[in-house]
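K.L.:
just to be clear, the model below is a prediction. Sequence and coordinates:
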Amino acid sequence: KAGVTQTPRYLIKTRGQQVTLSCSPISGHRSVSWYQQTPGQGLQFLFEYFSETQRNKGNFPGRFSGRQFSNSRSEMNVSTLELGDSALYLCASSSGQGIYYTEAFFGQGTRLTVV
Amino acid sequence: DQQVKQNSPSLSVQEGRISILNCDYTNSMFDYFLWYKKYPAEGPTFLISISSIKDKNEDGRFTVFLNKSAKHLSLHIVPSQPGDSAVYFCAAWGGADGLTFGKGTHLIIQP
């Protein structure tokens, strides 16, 4: 069974640009969550999608957005990039009707560097 | 305000001995807890979980203990092996923000 796949693995972008990251969850999983990891802040929740609907959103500015497709694949978009957006972006998928009470499995992440 | 706290940024343990990683939480709504292991530049790998209705869960060398009244959980690794060297994150479900993570404990297993 394939795991969570995130593409690309590495990205370098310039301030002011926008970026789109992709996540393919484990087959059969309908919930996809996104997290940002930085050295100072640890892992922080961005948002969660279930059946193409955003169910939860963390405390990030509107420049961070996402969507989920009918095949459960998800994309995350960051517009008007800032230097502070440099981080490892992680995607996690979960099975079941909701995100609670199940294990979440993570992809390897996308390392975004903003210069 | 940090709702999941791992107060030890690092921990050094001799190979073969027991590693004990601690985690405290403040949100009473949390009711499912997980431990993840992470290597640099990789995503976290799920290790073990525990529901709030239990006080112990065991899986091979890994045991998680939950003390709900103290809002404290711990991960025991016995015996510790060199491959266990990594950053360990405690995480909790139940709040409004998906999985809430602690800032991690870097476990170093010494030969």
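P.N.:
Now that the structure is in, tell me what you want to look at.
K.L.:
which residue does chain A bring closest to chain B?
P.N.:
Proximity of chain A to chain B (CB to the nearest CB) peaks at A:Phe106, 3.5 Å away. No exception for glycine: its C-beta is placed from N, CA and C like everyone else's.
K.L.:
and chain B, which of its residues are near chain A?
P.N.:
Proximity of chain B to chain A, by CB under 8 Å from any CB of the partner chain, involves residues B:31-32, B:34, B:36, B:41-46, B:49, B:51, B:89, B:91, B:93-94, B:96-104.
K.L.:
residues touching the spatially closest residue to A:Arg111 that is not a sequence neighbour, list them.
P.N.:
Leaving out its chain neighbours, the residue that sits closest to A:Arg111 by CB to CB, 6 or more residues apart in numbering or on different chains is A:Tyr10, at 4.9 Å. If you count contacts by CB atoms under 8 Å, 6 or more residues apart in numbering or on different chains, A:Tyr10 has them with A:110-111, A:113.
K.L.:
tell me, how many residues neighbour residue 79?
P.N.:
You didn't pick a chain, so chain A it is. Other residues lying near A:Ser79 total 14 when counted by other CB atoms under 10 Å in any protein chain shown.
K.L.:
I was after chain B.
P.N.:
For B:Pro79, the count of nearby residues is 14 (other CB under 10 Å).
K.L.:
quick one, strands of chain B?
P.N.:
For chain B, applying DSSP state E gives strands covering B:4-5, B:10-14, B:19-25, B:32-38, B:45-51, B:56-59, B:62-67, B:72-77, B:86-93, B:100-101, B:105-110.
K.L.:
of the contacts of A:Tyr10, select the buried ones using a PyMOL command.
P.N.:
A single PyMOL command selects the buried members of the contacts of A:Tyr10 (16 or more other CB atoms under 10 Å in any protein chain shown):
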select buried, chain A and resi 110+111
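K.L.:
with pLDDT as new columns, can the contacts of A:Tyr10 be given to me in TSV?
P.N.:
Formatted as TSV, these follow (pLDDT from 0 to 100):
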residue	pLDDT
A:Thr110	95
A:Arg111	95
A:Thr113	97
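K.L.:
and the closest residue in space to B:Asp55 that isn't next to it in sequence, how far from A:Ser79?
P.N.:
In space, and not counting its chain neighbours, B:Asp55 is closest to B:Leu66: 5.3 Å by CB to CB, 6+ apart. Between B:Leu66 and A:Ser79 the distance is 41 Å, computed by CB to CB, to the nearest Å.
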